[in-house]
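Colleague: any chance you could fold what I've pasted below:
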Amino acid sequence: MNQPESLEEFVKLASQFQGDRKTLYVNQSDYTPEEEIVSDEDTAGGNTMQMIRLLASSTTDATYWEEPVYDSGELEQLNIQLDSLDTFSREVLTLQDMEKNKSHFDI
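Modeller: Residues are numbered from 1 along each chain as shown. Just a heads-up that it's a prediction; the model follows:
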């Protein structure tokens, strides 16, 4: 199992997976920092930052990547890069299910 540094590296690793049942698990959820950086009144009307978590797996390999996303343009670019993984079935997971799958693959 590998944890790549970038989305490009994630896609490159996943595209080399051998075996059957290749799946791309996806989780997108609100990201809440542990500590508040600015008060709520300074962020009123702002967009909520999202955290994207991706787990690509096959019967023999797995790789995981996550990163905060700030706007819809970044999401669009992410989807364009993931299009090359068209041999993977896709499954959207809750954060809890993503954590379970990560544990299953010892990530």
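Colleague: where does pLDDT dip in the chain?
Modeller: Counting by pLDDT under 70, the chain has low-confidence residues at 1-2, 32-48.
Colleague: residue contacts, residue 17?
Modeller: For residue 17, the contacting residues are 56-58, 60-61, by CB atoms under 8 Å, 6 or more residues apart in numbering. Any C-beta I mention is one placed from the backbone N, CA and C, and that applies to glycine too.
Colleague: same for the helix or strand residue 13 falls within, what does it pack against?
Modeller: Counting by DSSP states H and E, the element that carries residue 13 is helix 7-15. Contacts defined by 3 or more CB pairs under 8 Å, 6 or more residues apart in numbering; DSSP states H and E place helix 7-15 against strand 50-57, strand 62-69, helix 72-82.
Colleague: out of the ones you listed, which is the most enclosed?
Modeller: Neighbour counts (mean count of other CB atoms under 10 Å) averaged over each of the helices and strands packed on helix 7-15 peak at strand 50-57, with a mean of 21.
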